[in-house]
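*Asks:* curious how this folds, go ahead:
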Amino acid sequence: VSCLAADTAPVELVRIFSVYGVVREVYIPEGAYYGFVRFGRESEAIAALAADQTTVLRGASHPMKVELSSHHRQQFRPLERRSYTAPASLSPQQQRRQADDNYDSYGTPAPPSDTLQQGRFSRPSYGDQRPANNTPRNGWSTSAAAAPPAERRPWRPNPARVEDLPSVDKETRDRLVSVKVDGLDEPGKYRQEVYELFSETGKVCEVYVPMARAFGSPHYMFVRYSTTEEAE
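*Replies:* Residues are numbered from 1 along each chain as shown. Below is the predicted model:
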């Protein structure tokens, strides 16, 4: 999908393309005016071609262009994109409703903060004070999607349940490398799913969901590894 605006958020594309099927993933490389919308079925992707030249996105100057793409996910570096992944159980109707509910949260940049947020696979984050080398130019993050590695590991998480992970003390936590998982309405509901997904790239030491604060519940969690290689 090309002719996007500089600040087009993944949820905007979800709203448009969910009428053609369940949108599994949306990738918008940082600084790019194009993105990739992925469906679970080829027929849905073909149907989505009907959206070509039909919509001018907020902030864009031309109607967006839609065409089939052969790009593979490995061409995207996790630290260089804004992205979205839909829970596997969502129907197209539920997905559109969720996109409408979350538009205000993800359709505009978040307020500035002392620490610039990055995408889901990012550093520095909670418990990791090492400097980041790939801070996005816009300084904020939208909902993000996990990109499986080129070769999935054949083993399952050990232990199998996230609740059975051994507790981590502060000293140990400070040595871990944190990955921020953003764009979750109720992150506590997805701890097991996120744990299993991120265990495919390495041994997860902790899945941490911040506590709710007075101004609202957080929409993110942190997955922590012992090595930078696993986190990247």
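
*Asks:* rest of the way, CA atoms for contacts and neighbours
*Replies:* Fine.

*Asks:* now the strands for this protein?
*Replies:* With DSSP state E as the definition, the chain shows strands at residue ranges 23-29, 36-39, 81-85, 177-182, 206-208, 220-225.

*Asks:* neighbouring strands for the second one, and are they parallel or not?
*Replies:* Looking at strand 36-39 with DSSP bridges, its paired strands and their directions are strand 23-29 (antiparallel).

*Asks:* looking at the chain, which helix or strand is least sure?
*Replies:* Of all the helices and strands that make up the chain, helix 92-106 has the lowest average by mean pLDDT, DSSP states H and E, namely a mean of 51.

*Asks:* follow-up on the earlier one: please identify which of the strands of the chain is closest to V11.
*Replies:* Closest approach to V11 among the strands of the chain (Cα to Cα): strand 81-85, 7.3 Å.

*Asks:* in the chain, where is pLDDT below threshold?
*Replies:* Residues of the chain meeting the criterion pLDDT under 70: 70-158, 213-215.

*Asks:* D169: neighbour count?
*Replies:* In terms of burial, D169 registers 8 neighbours under the definition other Cα atoms under 10 Å.

*Asks:* and P166, how many residues sit next to it?
*Replies:* Neighbouring residues of P166 were enumerated by other Cα under 10 Å; the total is 10.

*Asks:* actually E206, sorry about that
*Replies:* Other residues near E206 come to 21 when the count uses other Cα under 10 Å.

*Asks:* check G183 too.
*Replies:* As a measure of burial, G183 has 24 neighbours, counting by other Cα under 10 Å.

*Asks:* tell me the domain ranges of the chain?
*Replies:* By the assignment in the TED database, the chain contains the domains 1-72, 170-225.

*Asks:* okay, now the spatially closest residue to L4 that is not a sequence neighbour: neighbour count?
*Replies:* Across the structure, with Cα to Cα, 6 or more residues apart in numbering as the measure, the residue nearest L4 apart from its sequence neighbours is Y33 (4.7 Å). The local packing of Y33 (other Cα under 10 Å) involves 17 other residues.

*Asks:* for Y33, phi and psi?
*Replies:* Summarising the backbone geometry of Y33 under the convention degrees, to the nearest 10, its torsions are phi -110, psi 30.

*Asks:* and what of L165?
*Replies:* According to degrees, to the nearest 10, L165 has phi -60, psi 140.

*Asks:* for it, give me its contacts.
*Replies:* Residues touching L165, when contacts are defined by Cα atoms under 8 Å, 6 or more residues apart in numbering, comprise 159, 205-206.

*Asks:* of all those residues, which comes closest to K65?
*Replies:* Checking these against K65 by Cα to Cα gives E206 as the nearest, at 41.7 Å.

*Asks:* cool, thanks, signing off.
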